[in-house]
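Novice: For reference, the sequence and a predicted model appear below.
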Amino acid sequence: MTYAKNWAEIAERANDFIEFLQGDNFFSEPFNTDKDYFVITNAQLGMKYACEGSCEEFTEWELNVRISHFLITKTNFFNFFAKNLNGLLEKWKNIDGVSVAEELMMIHFDYIFNCYANDYFPPMWQEILNIYLKGGLPCGWSGHYPEGKMVVFSNY
């Protein structure tokens, strides 16, 4: 593993992901992949998976560089949440009005940037990144990890 020394190095490594975040019109098409995921379209079910802590198994490794958290939040995740997410955030609001999807994505994006900062992508985080890039929202795990399947919300 080689660690990024500064934000410029992280941004260079994460260029494709940053371009993704700077795009627009997210979650506008059905999630489509040939991977064996548990794909759902029910936002309530997605929030259930996201809130039950089924992703905790994915965070078992320690990150050595946390420089990216401050810098990506300073850019408001490249204004990702101000863009057209095709109703996703509204569908994923809980009874308190909190957007569970927004909180979930902020956590995921923080980990993804730290993978770039550490120049190390555990296979699970590479999968999570790929799901986002293909228009899905990874929201949990069905079954007992590592058995079972990744749960992916498709907005359509």
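Specialist: Perfect, thanks for sending it. Numbering: from 1, shown residues only.

Novice: Next SSE downstream of the longest helix along the chain?
Specialist: The helix that spans the most residues within the chain, counting by DSSP state H, is helix 100-118. Counting by DSSP states H and E, the next helix or strand C-terminal to helix 100-118 is helix 123-133.

Novice: Now the helix or strand that that next one is followed by: buried residues?
Specialist: Using DSSP H and E, the helix or strand that follows helix 123-133 in sequence is strand 137-142. Judged by neighbour count (16 or more other CB atoms under 10 Å), strand 137-142 contains these buried residues: 137-141. Every residue, glycine included, has its C-beta placed from N, CA and C.

Novice: Can you tell me the number of residues neighbouring the nearest residue to P30 once chain neighbours are set aside?
Specialist: Closest residue in space to P30, ignoring its immediate chain neighbours: Y156 at 4.7 Å, by CB to CB, 6 or more residues apart in numbering. Neighbour count for Y156, taken as other CB atoms under 10 Å: 11.

Novice: Next, the contact list for Y156, please.
Specialist: Applying CB atoms under 8 Å, 6 or more residues apart in numbering to Y156 gives the contacts 27-30, 41, 86.
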